[in-house]
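Participant: Need a 3D model of the sequence below.
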Amino acid sequence: MDDENIKHWVGSEEPTQSNPLSFKYKEDRALADFYQHILNTYNQHYAGKNNVQVQDLIIATGHAESFYIGNIAKYALRYGRKGGKRNNEDLLKAAHYLCLLYALNHVTGD
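Facilitator: Numbers count the residues shown, from 1 in each chain. Purely as a prediction, here's the structure:
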């Protein structure tokens with residue numbers, strides 16, 4: 001996804017006539033970063049036959065919610081500790097698991 005599409009998806013930095021919403025704390029930029037991170041993970045996942053991932057098995061066994069909550073805590077608590085610096089990758093991973101948890105419990109369709 002290019003910058004223009006991301007900007008359209010999350011809004012612009014400044015309010016305009018067509019988009020009066022302005023993000024005071026730059027949440028639109030954070031959402032764009034989270035979205036790009038999630039897109040990038042789909043090139044990194046290990047999948048077996050029929051594109052089945054370990055996460056699919058965790059969901060099928062009913063353990064997804066606990067798995068996601070545990071990973072949210074893991075990456076949030078690790079932020080600022082790994083390598084002695086504030087690692088944005090940890091926040092992106094925590095946000096991804098939060099998105100998965102939300103989708104598991106609140107997104108319907110398909």
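Participant: going forward, measure contacts and count neighbours with C-alpha atoms only.
Facilitator: Fine.
Participant: Would you map out the domains in the chain?
Facilitator: 1-44, 52-110 (automatic domain parsing).
Participant: And those domains, which one averages the lowest pLDDT?
Facilitator: Among the domains of the chain, domain 1-44 carries the lowest mean pLDDT, at a mean of 73.
Participant: Rebuild the domains of the chain as JSON lines, extending it with mean neighbour count.
Facilitator: Formatted as JSON lines, the domains of the chain follow (neighbours: other C-alpha atoms under 10 Å):
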{"stretch": "domain 1-44", "mean neighbour count": "13"}
{"stretch": "domain 52-110", "mean neighbour count": "14"}
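Participant: Is the spatially most central residue of the chain within a helix or a strand, and which one?
Facilitator: Using C-alpha atoms, centre = their mean, the residue of the chain that lies closest to the mean C-alpha position is H96, 2.8 Å off. Using DSSP states H and E, H96 falls within helix 88-106.
Participant: residues making contact with that helix?
Facilitator: 33-34, 37-38, 64-65, 68-69, 71-76, 78-79 (C-alpha atoms under 8 Å, 6 or more residues apart in numbering).
Participant: Can I get that helix as PDB, trimmed to CA atoms?
Facilitator: Taking only C-alpha atoms (Å, rounded to 0.1, in the frame of the first residue of the first chain), the coordinates of helix 88-106 have been written out as PDB:
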ATOM      1  CA  ASN A  88       8.900   0.100  18.200                       C
ATOM      2  CA  GLU A  89       8.700  -3.500  16.800                       C
ATOM      3  CA  ASP A  90       7.500  -4.700  20.200                       C
ATOM      4  CA  LEU A  91       4.700  -2.100  20.100                       C
ATOM      5  CA  LEU A  92       3.700  -3.000  16.600                       C
ATOM      6  CA  LYS A  93       3.600  -6.700  17.600                       C
ATOM      7  CA  ALA A  94       1.500  -5.900  20.700                       C
ATOM      8  CA  ALA A  95      -0.900  -3.900  18.500                       C
ATOM      9  CA  HIS A  96      -1.200  -6.700  16.000                       C
ATOM     10  CA  TYR A  97      -2.200  -9.200  18.700                       C
ATOM     11  CA  LEU A  98      -4.600  -6.600  20.100                       C
ATOM     12  CA  CYS A  99      -6.100  -6.300  16.600                       C
ATOM     13  CA  LEU A 100      -6.400 -10.100  16.300                       C
ATOM     14  CA  LEU A 101      -8.100 -10.300  19.700                       C
ATOM     15  CA  TYR A 102     -10.500  -7.600  18.700                       C
ATOM     16  CA  ALA A 103     -11.200  -9.400  15.400                       C
ATOM     17  CA  LEU A 104     -11.700 -12.700  17.200                       C
ATOM     18  CA  ASN A 105     -14.400 -11.300  19.500                       C
ATOM     19  CA  HIS A 106     -16.000  -8.400  17.700                       C
END
